[in-house]
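Undergrad: Quick check, what structure comes out for this input:
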Amino acid sequence: MKQLYILALLLVSFSNVAFSADVEGKLSWSQRIVMSTTVSGVVDEVLVSAGDRVNKGDVLLRLQADRFKASLNSAKASKSDAQYKLKEAEREFGRAQELYDRTVLSDRDLQLAENGLVAARAEFATASTRYTNAKRDLIESVIKAPFDGVILKRYVQPGQTIITRMKSVPMISIAATKPYHVIGAVTSVYASKLATGQAVTMTINGKTYNGILLSIGYEPVEGTDTYPVVISFNAGDDLMRAGQTATIHFP
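TA: Okay, here's the model as predicted:
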């Protein structure tokens, strides 16, 4: 009886022990993209090289802008002209409608005025679309960093002609540095005790970082009976490299 009592006490004691373990993981980029432009042109300048750290919004590359600016100025002038013609057509139709209501204008003349208004509206819509496209092309001739990150590779050089017809041309590869991810693997029993959003810590190169459990896999890592877990964390100003070893400390 005494032995059963001691066993019961041990079971209660073990059930109250906090679940904890260390799991080895590998550092991974949270985002990694290859950037390009949707417009063709000649590369004017590339402002970054592999290994450079950049902030969101920094200019990374520019195509020669003269052609895009000329197209934009032409489209702007066409839009202004079409807008003037539309206002004139609206005034003309208003006068024609007034005369028609006073029975001093024929049906044919009213129809002609209405036709002129329809044509002016169509011309203005076309000119507005051309202006919008020209403005977009000028904007897209410049590549900017979509997030804080590090440049992994540049594929083009100043003076190089870029033709994007029917395909994108790789120009710059960039990876996000805020946040980083660490990917590890745990057993199914272990996974059932975890919850997304819980706080965890990691040790990388002897330094400890705070992170959040981002996801717990529901399919095992190929060829194993373990399930992937992904930790998201901010390394501050520390620059990491994909593939670095990290030790995940689960609470």
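Undergrad: Would you mind giving the domain segments of this protein?
TA: If you go by automatic domain parsing, the domain ranges for the chain are 17-31+177-250, 32-65+141-175, 67-139.
Undergrad: In CSV: those, plus mean neighbour count and mean pLDDT.
TA: Yep, even glycine has a C-beta here, placed from its N, CA and C like the rest. What follows is those, written out as CSV (neighbours: other Cβ atoms under 10 Å; pLDDT from 0 to 100):
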stretch, mean neighbour count, mean pLDDT
domain 17-31+177-250, 15, 92
domain 32-65+141-175, 16, 95
domain 67-139, 15, 95
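Undergrad: give me every residue that touches the closest residue in space to residue 55 that isn't next to it in sequence.
TA: Spatial nearest neighbour of residue 55, chain neighbours left out: residue 148 (5.4 Å); criterion: Cβ to Cβ, 6 or more residues apart in numbering. Listed by Cβ atoms under 8 Å, 6 or more residues apart in numbering, the contact set of residue 148 reads 53, 54, 55, 56, 176, 177, 178.
Undergrad: Those in helices, which ones?
TA: Among the contacts of residue 148, none falls in helices (DSSP state H).
Undergrad: Next step: those residues restricted to strands.
TA: The members of the contacts of residue 148 that map onto strands under DSSP state E are 53, 54, 176.
Undergrad: So what does the most centrally placed residue in the chain look like in phi/psi?
TA: Geometric centre of the chain, nearest residue: residue 146, 6.0 Å, by Cα atoms, centre = their mean. Residue 146 adopts backbone torsions of phi -80, psi -10, taken as degrees, to the nearest 10.
Undergrad: hang on, it packs against residue 55?
TA: No - contact criterion Cβ atoms under 8 Å: residue 146 and residue 55 do not qualify, at 10.9 Å.
Undergrad: Quick one: the strands in the stretch 1-150 of the chain, in order.
TA: 21-29, 32-35, 41-46, 53-54, 59-63, 142-144, 149-154 (DSSP state E, counting those that start in this stretch).
Undergrad: Nearest to residue 85, out of these?
TA: strand 41-46 (32.1 Å; Cβ to Cβ).
Undergrad: Could you please name the strands that closest one pairs with and the direction of each pair?
TA: Neighbouring strands of strand 41-46 in its sheet, by DSSP bridges, are strand 59-63 (antiparallel), strand 161-162 (antiparallel).
Undergrad: Which strands or helices does the longest helix seen in the chain pack on?
TA: With DSSP H setting the assignment, residue counts place helix 66-101 as the longest helix in the chain. Packing partners of helix 66-101 (3 or more Cβ pairs under 8 Å, 6 or more residues apart in numbering; DSSP states H and E): helix 107-140.
Undergrad: if we can go back for a sec, and which of the contacts of residue 148 is nearest to residue 164?
TA: Of the contacts of residue 148, the one sitting nearest to residue 164 (Cβ to Cβ) turns out to be residue 54, at 22.8 Å.
Undergrad: beta partners for the closest one?
TA: Beta-bridge pairing of residue 54 under DSSP bridges involves residue 149.
Undergrad: That one against residue 61, yeah?
TA: No - contact between residue 54 and residue 61 fails when scored by Cβ under 8 Å: they sit 11.4 Å apart.
Undergrad: okay, and the common contacts of the two?
TA: Both residue 54 and residue 61 are contacted by residue 48, under the criterion Cβ under 8 Å, 6+ apart.
Undergrad: Return the residues in contact with the residue nearest to the centre of the chain.
TA: Listed by Cβ under 8 Å, 6+ apart, the contact partners of residue 146 are 33, 35, 56, 174.
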